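In: Quick one, fold the following:
(chains A and B)
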Amino acid sequence: MAEGDDRTLLEVRHLSVLIETREGMIRPVSDVSFAIGRGEAVALVGESGSGKTLTGLSLLCLFPPGATVPSGEILFEGQDLLRLDAAALRMIRGQRISMIFQEPQSALNPVLTIGTQISELFKSHTDLPDSQVRERVIERLRSAGLPDPERVFKSYPHQLSGGMRQRVMIAMAIALDPHLVIADEPTTALDPTVALQILALLSSIRESRTKGLLFISHDLAHVRRVSDRVLVMYAGRIVEDSPASRFFGAGPLHPYSLALLSSRPSGTGETGRETPLPAIGGQVPPLWNLPPGCAFAPRCPRADDRCRTDQPPWQSEGASGALCFYPHHSPLGAPQHVA
Amino acid sequence: MSPESSPLLETRGLVREFDLPGGGLFGRRKTLTAVSDVSFAIGKGEILGLVGESGSGKTTIGRMVMRLLDPTRGQVIFDGLDLTHLSGRSLRRQRRRFQMVFQDPYASLNPRMRAGEIVGEPLVIHGLATSARERREKVSRLLERVGLSGHDLERYPREFSGGGRQRIGIARAIACQPDLLVADEPIASLDLSIGAQIINLFSSLNKTERMSLLFISHDLSVIRYLSDRVVVLYRGRMVESGPTRTVLDAPVHPYTRLLAGISSGTPSETQNGAGEPSASLCPFLTRCPEALSVCRESMPPSLENPESGRQVLCHLVAGHSSWKSSASPSLSQGSP
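Out: Below is the predicted model:
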């Protein structure tokens, strides 16, 4: 991770979030560190409950009720967001960091036209005269790939298809020219063919070389299309940080990443159901009952006694790194297969 | 077809319409055609994949096959018997031979029943276990078959993870040893690492118990891995079908090409969400990147390639020597 580099847009250092629940204190985001460069698309991959959405929301300092942040820094363009007051944060949210949510239907106001909703952004964040606002909104809708922006401007959310609504969300997210766009599972509510178009649009966001994109997803096929770098989360921790070319090429370092990749039917492979899919046994441990060592150890084919008792270290290899005693290709020896 | 190779399940010209609200007292009733003219067959021990986007009618077809929903027109023939005309006791007697696994394991299990009761219920209903002890033994065996253990008998659904609940749903569905399982998006609500376990369970049920499977999904790579043949739906119509590998490696219909990521054209979204495409034209016309002028004039022909066992509903290949016009079953025998 590059430090103090002016190509670095965002740097998160040792961020932890604690939440008090009925089952006890949990740490859904645990010692998370990563960076996003300008013009870079970083994917955050994980299963439900791994902490990926909460990590995304943390970047806007949006924490669920009852949450505390015991440690960490979120350096955005050199400023620690965790130390800003509410007024300063309001200026950053929407204007310099924006977010695209999973379901555009519930993120848009059903009784206001699209035009009114996007105009509001300009009215509250800029001193642009009203006469120019409309023009600006239409231009944003057009750059989000909406074919007839004039008509969309006058439409209500229910008059648009799911794909068009998600394009509207993207238009809103890029309206004020933010430097960082966070997209949280932006394609789950969409049909497969429409999802591909939205992914292409998202990956074009970073082409300006000034913007960064954090793409939160559980779908590795989508991640492959959009990202330059892949972060994998498991039980609140980032367990892998690798360039996408390495992750999908030579393969990831962490056994969990590897298992995720291989447990999906490839979609092109010639093997059919005669060969069972290499499934990961067991399940994700609940956050209030994590094992003492590595959280993945109970399901890991490489795990030995040390993994079950000690927290694994962060081990780097070139531009990649993993939270593991035995990362792939490790000089420590071949993976040990424990049933 | 010879008697041995007669299919386990056959649908002929299935149509399902739903009444839409509105229309008024004297106004014409508005209907939505969710499924139109769907005919396919599933052989014994075969896995058929049903793929399409949300709203394409996949679930409606699954429910009609299960007789949870009556078709507006058309027939569902199960092992030679027309299910559409069965009711009451004779339907219940057949019911144990086809069972369903639902998409949402959270919503489809009674939260107040223990796993053992949930799985044992079909045995009681169909009188397949005479004593409580026999039932308990059978249920334990079923739980073990799906990868749970006898210890789980007394646990409630909420005490299981998503994957565990889906296993209970499967154990319940296979309790009376059905010949056909209908699985509606059974892994869509499961986590990444759990989905593979459930897919493996389905393929093992197919292999060792010779269960036929109607596998409904929007995920092409899962369909490709699991199914022998595939049916691609678009807006309630079968746009393409045939052996999975052949169809997905060399799709003919522009929609299948788009799904398979083979298309070079970009789909147009211009009329998406604006007006509905005309019911008398190709359902895919408004988004088709390869539409011809004839597509705007008439309904595409239903074509078949007998050699490869494929069907397609498209103007593009009309006139090619390998594609012949197929008589639509709904015209010949479907309507009452």
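
In: In terms of pLDDT, where does residue B:211 sit?
Out: On pLDDT, residue B:211 comes in at 95.

In: That one is in contact with residue B:201, isn't it?
Out: No: counting by Cβ atoms under 8 Å, residue B:211 does not reach residue B:201; the two are 11.1 Å apart. Heads up, the C-betas are built off the backbone N, CA and C, glycines and all.

In: Next one: stretch A:50-59, is it in contact with chain B?
Out: No: against chain B, stretch A:50-59 shows no contacts by Cβ under 8 Å from any Cβ of the partner chain, the least distance being 9.1 Å.

In: what mean pLDDT does that stretch have?
Out: 92.

In: Stretch A:238-246 too?
Out: pLDDT averaged over stretch A:238-246 gives 96.

In: Briefly note if that stretch comes near chain B.
Out: No: using Cβ under 8 Å from any Cβ, we find that stretch A:238-246 stays clear of chain B, coming within 13.0 Å at best.

In: Now do the buried residues in that stretch.
Out: With burial defined by 16 or more other Cβ atoms under 10 Å in any protein chain shown, the residues of stretch A:238-246 counted as buried are A:238, A:239, A:240, A:241, A:242, A:244, A:246.

In: now swap in stretch A:112-128 and tell me
Out: A:113, A:114, A:115, A:117, A:118, A:119, A:120, A:121, A:122, A:125.

In: With stretch A:125-143 instead?
Out: Those would be A:125, A:133, A:136, A:137, A:138, A:140, A:141, A:143, for stretch A:125-143 by 16+ other Cβ under 10 Å.

In: How about residues contacting that stretch?
Out: Stretch A:125-143 is contacted from outside by A:91, A:94-95, A:114-115, A:118-119, A:122-123, A:149-150, A:152-153, A:167-168, A:171-172, A:174-176, using Cβ atoms under 8 Å, 6 or more residues apart in numbering or on different chains.

In: Report the mean per-residue pLDDT for it.
Out: On average, stretch A:125-143 scores 90.

In: helix/strand/coil for the residue of the stretch 1-150 of chain B found nearest chain A?
Out: Nearest to chain A in the stretch 1-150 of chain B, going by Cβ to the nearest Cβ, is residue B:53, at a distance of 3.6 Å. Following DSSP: H, G, I helix; E, B strand; the rest coil, residue B:53 is assigned to coil.

In: Can you name the residues that contact it?
Out: Residue B:53 neighbours (Cβ under 8 Å, 6+ apart): A:191, A:192, A:193, B:218, B:234.

In: For the second one, give me the pLDDT.
Out: Reported pLDDT at residue A:192 in the predicted model: 77.

In: wait, doesn't it sit right on residue B:218?
Out: Yes: Residue A:192 lies in contact with residue B:218 (Cβ under 8 Å); the separation is 6.0 Å.

In: about what we covered before: which of the buried residues of stretch A:125-143 lies closest to residue B:185?
Out: Taking Cβ to Cβ as the measure, residue B:185 lies nearest residue A:141 of these, at 33.2 Å.

In: what helix or strand is that closest one on?
Out: If you go by DSSP states H and E, residue A:141 is part of helix A:130-143.

In: With residue B:36 instead?
Out: Going by DSSP H and E, residue B:36 is in strand B:31-42.

In: That strand: how far from the chain's middle?
Out: 11 Å (Cα atoms, centre = their mean, to the nearest Å).

In: Ok, stretch A:180-192 next?
Out: For stretch A:180-192 - counting by Cα atoms, centre = their mean - the centre lies 10 Å from the chain centre.
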